[in-house]
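Visitor: Next comes the sequence, and after it the predicted model I'd like to discuss.
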Amino acid sequence: MITDGELLREYAEEDSEPAFTTLVARHAGLVYSAALRQLNGDEHLARDVAQSVFTDLARKAGTLARRESLTSWLYSGTHFAAAKAVRRERRRHTHEQEAHAMQEMLQDARPDADWEKLRPALDQAMHELKEADRVVILMRYFENHSFADIGQKLGLSEDAARKRTDRTLERLRGLLAHRGLSTGAALGTVLSAHAVEMAPAGLAAPLASASLAGAATGTSTVLGMLKIMGLSKLQAGIIGAIAAACVLVPLVMEHRAQTVIQRRDDALREKDDQIASLSAENHRLAERLKAAGTPMTLGQDQFNELLKLRGEIAPLRERLQELAPGRGQGPAAGALTLADRQKLWQGRRTHFKAWVEGNPGERIPEMKYLADDELLDSLGNSTLATQQDYERSMSTVRANAQMRVMSKLQDAWHAYAKAKAGETPGSLAGLIPYLKEPIDDDILQNYEFVPVGSLAACPSEMAGWVITTKAPLREKYDMRQFFGFDQSRANGPNVSNLWSTAQKP
């Protein structure tokens, strides 16, 4: 059988798309299954991750062609791509939506009891193994190679390959045991049965075509897909190609029309929000001007800002009146709104940033871990029409910053458990030596490491010990977050005894 390296060299040197398609078909099940596990069963997101991994492979074909096997590289690449996708999804969703979103992403199929326990933690434990050990597990239980094949590829005898595989399997079992996971059946049997699932029918060809298109400079994704699809259809016959086109074209036209309509509606909503925001700001400044008795008592800069805001409202209202009759008329109605949409969104970001700078009492030290874009992304769909809107958005900023710190402490907890054979520290101080980078004392004093039983209000999913915040800055809006060893949850505001640490009765 042609090796992975030979196929990749053929693609890198001769631009052979069939060679790359064969390579994708060979490893699509491995990449897709690993992504699916780490993304909690989200098939669409798993497809995106798989495509990004194979796109990266196409871009790096020249440097990776020296490898005879790409299994380990693809497996690790999937792990990092999936982790990046998870972080991106966390920024898009609020904590209140997390439980609902995770419930929707669950698959209908239910694996057996042992696999159900192992599945969420398997990939993280695998990446705690050395790469050489991880390759042995992948070859034996993910790709079902015989011990003779493993020995031949690693330069070992069959007996030595068997012993090395057994030792590595025991290390993996130990890593899972530290997480409180064990299996009734043999671990190797469970991995062989479930680690790699059959990729959806027809997934390999679209992955290969989309990845090649993404890697090629100046070539669009659609043209790349049509080119490869055209080759395969010719092999099946001209009639099949015509039938596929008859199905595809109406779907593409419908999707394009829906996209244009959605953009138009989004522009109208953004304009509504911006007018409400500018009106509120104008009203606030007008009240201040009225109370002061003369415009110039505001200061020259503030007076100029008031005039600027008043000047912006009239043209924006005229623009909204032009767009409003276009709802439902056709795609062209929203085609002229892009510049206005960008201007309105930038205006909201500017007002929020100015409010944050003008209200230092709303800030917490943890916010130094947030970039400006991450801070401003907390606006969501808020119109910033009232003081309460600003305070709610700022509460989301604080929650995101606290989550960054608690994630660092959770990583230190993992390092502590690994060094102490699964032990749990008795206090937050036990985690400090295991931090990857120091955290200031004025930040650490805002957190505690306590057993769940000492908290009067904690999500039912949490057990054992948790890292949590001690007190809110604004109890009306702030959420209390809880980080366990391998999961996190948050309570919304106004939960009874939310910030109490009194022992439960």
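Guide: Arrived safely, thanks for sending.

Visitor: count of neighbours near residue 84?
Guide: Number of residues near residue 84 (other C-beta atoms under 10 Å) recorded here: 12. Where C-beta positions appear, they are placed from N, C-alpha and C, glycine not excepted.

Visitor: mind checking how far it is from residue 53?
Guide: Taking C-beta to C-beta, to the nearest Å as the measure, residue 84 falls 11 Å from residue 53.

Visitor: try residue 418
Guide: The spacing between residue 418 and residue 53, counted by C-beta to C-beta, is 27 Å.

Visitor: So those two - more neighbours on which side?
Guide: Per other C-beta under 10 Å, whichever of residue 418 and residue 53 has more neighbours is residue 53, with 27 against 13.

Visitor: Who are the packing partners of the strand or helix carrying that one?
Guide: For residue 53, the host element (DSSP states H and E) is helix 43-59. With contacts defined as 3 or more C-beta pairs under 8 Å, 6 or more residues apart in numbering; DSSP states H and E, helix 43-59 has these neighbours: helix 17-38, helix 71-92, helix 204-215.

Visitor: Out of those helices, flag the one nearest residue 169.
Guide: helix 71-92 (16.5 Å; C-beta to C-beta).

Visitor: Only C-alpha atoms, please: export the closest one in CSV.
Guide: Listed next in CSV are the C-alpha coordinates belonging to helix 71-92 (Å, rounded to 0.1, in the frame of the first residue of the first chain):
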residue,chain,number,x,y,z
THR,A,71,-1.7,9.7,11.7
SER,A,72,-0.1,11.3,14.8
TRP,A,73,0.2,14.7,13.1
LEU,A,74,-3.5,14.7,12.0
TYR,A,75,-4.7,13.5,15.4
SER,A,76,-2.8,16.3,17.3
GLY,A,77,-3.8,18.8,14.7
THR,A,78,-7.5,17.9,15.2
HIS,A,79,-7.1,18.2,19.0
PHE,A,80,-5.7,21.8,18.7
ALA,A,81,-8.2,22.8,16.0
ALA,A,82,-11.1,21.5,18.1
ALA,A,83,-9.8,23.3,21.2
LYS,A,84,-9.7,26.5,19.2
ALA,A,85,-13.2,26.0,17.9
VAL,A,86,-14.5,25.4,21.5
ARG,A,87,-12.9,28.7,22.7
ARG,A,88,-14.5,30.5,19.7
GLU,A,89,-17.9,29.1,20.6
ARG,A,90,-17.6,30.1,24.2
ARG,A,91,-17.1,33.7,23.2
ARG,A,92,-20.2,33.6,21.1
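
Visitor: Start at 40, not 1
Guide: Sure, I'll start counting at 40 from here, so that last one is helix 110-131.

Visitor: in it, what counts as buried?
Guide: Taking 16 or more other C-beta atoms under 10 Å as the basis for neighbour counts, the residues of helix 110-131 that come out buried are 110, 112-118, 120-122, 124, 128.

Visitor: what's the pLDDT at residue 201?
Guide: pLDDT, residue 201: 91.

Visitor: State the number of residues packed around it.
Guide: The burial count assigned to residue 201 is 17, neighbours taken as other C-beta under 10 Å.

Visitor: what helices or strands is the strand or helix carrying it leaning on?
Guide: Applying DSSP H and E as the criterion places residue 201 in helix 197-217. Counting contacts by 3+ C-beta pairs under 8 Å, 6+ apart, helix 197-217 is packed against helix 152-165, helix 170-176, helix 186-193, helix 226-233.

Visitor: Hey, what's the angle from the helix or strand in which residue 429 is found to helix 110-131? Just curious.
Guide: Element membership for residue 429 (DSSP H and E) is helix 426-458. Counting by axes from the mean of the first three to the mean of the last three C-alpha atoms, to 10 degrees, helix 426-458 points 150 degrees away from the direction of helix 110-131.

Visitor: Can you give me the buried ones in helix 426-458?
Guide: Taking 16+ other C-beta under 10 Å as the basis for neighbour counts, the residues of helix 426-458 that come out buried are 428-442, 444-449, 451-453, 455-456.

Visitor: and what of stretch 477-495?
Guide: For stretch 477-495, burial by neighbour count (16+ other C-beta under 10 Å) applies to 478, 482-483, 486-489, 491, 494.

Visitor: Compute the first-to-last residue distance for that stretch.
Guide: 31 Å (C-alpha to C-alpha, to the nearest Å).

Visitor: what's the average pLDDT for that stretch?
Guide: When pLDDT is averaged along stretch 477-495, the result is 88.

Visitor: With stretch 92-110 instead?
Guide: Per-region confidence: stretch 92-110 scores 88 on mean pLDDT.

Visitor: Over to stretch 156-173?
Guide: pLDDT averaged over stretch 156-173 equals 85, rounded to a whole number.

Visitor: Stretch 403-423 now?
Guide: Averaging pLDDT along stretch 403-423 gives 74.

Visitor: Would you mind measuring from residue 488 to residue 476?
Guide: The span separating residue 488 from residue 476 equals 19 Å under the rule C-beta to C-beta.

Visitor: what's the answer for residue 323, then?
Guide: Computed with C-beta to C-beta, the distance linking residue 323 and residue 476 is 42 Å.

Visitor: Residue 61 now?
Guide: The span separating residue 61 from residue 476 equals 44 Å under the rule C-beta to C-beta.

Visitor: same thing with residue 491?
Guide: Distance of residue 491 to residue 476, computed by C-beta to C-beta: 28 Å.

Visitor: Over to residue 107?
Guide: Residue 107 sits at a distance of 38 Å from residue 476 (criterion: C-beta to C-beta).

Visitor: residues making contact with stretch 440-453?
Guide: Outside stretch 440-453, the residues that touch it by C-beta atoms under 8 Å, 6 or more residues apart in numbering are 129, 403, 405-406, 408-409, 464, 467, 470-471, 473-476, 478, 482, 485-486, 488, 506-508, 520, 522, 524, 527.

Visitor: 7 Å - rerun?
Guide: Among residues not part of stretch 440-453, those counted as contacts by C-beta atoms under 7 Å, 6 or more residues apart in numbering are 403, 405-406, 408-409, 470, 473-475, 478, 482, 486, 506, 508, 520, 522, 524.

Visitor: average model confidence for it?
Guide: Throughout stretch 440-453, pLDDT has a mean value of 91.

Visitor: next one: stretch 503-518
Guide: The average pLDDT within stretch 503-518 is 86.

Visitor: For it, output the C-alpha coordinates as PDB.
Guide: Below are the C-alpha coordinates for stretch 503-518, written out as PDB (Å, rounded to 0.1, in the frame of the first residue of the first chain):
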ATOM      1  CA  GLY A 503     -16.100  17.400  44.900                       C
ATOM      2  CA  TRP A 504     -14.100  20.600  45.100                       C
ATOM      3  CA  VAL A 505     -14.600  23.800  43.000                       C
ATOM      4  CA  ILE A 506     -12.800  27.000  42.200                       C
ATOM      5  CA  THR A 507     -15.200  29.900  42.500                       C
ATOM      6  CA  THR A 508     -15.400  33.700  43.000                       C
ATOM      7  CA  LYS A 509     -15.900  35.000  46.500                       C
ATOM      8  CA  ALA A 510     -18.100  38.100  46.000                       C
ATOM      9  CA  PRO A 511     -19.700  40.100  43.200                       C
ATOM     10  CA  LEU A 512     -18.900  43.600  42.200                       C
ATOM     11  CA  ARG A 513     -22.600  44.200  41.200                       C
ATOM     12  CA  GLU A 514     -24.800  41.500  42.800                       C
ATOM     13  CA  LYS A 515     -27.700  42.600  40.700                       C
ATOM     14  CA  TYR A 516     -26.100  41.500  37.400                       C
ATOM     15  CA  ASP A 517     -22.900  39.500  38.200                       C
ATOM     16  CA  MET A 518     -22.900  35.700  37.700                       C
END
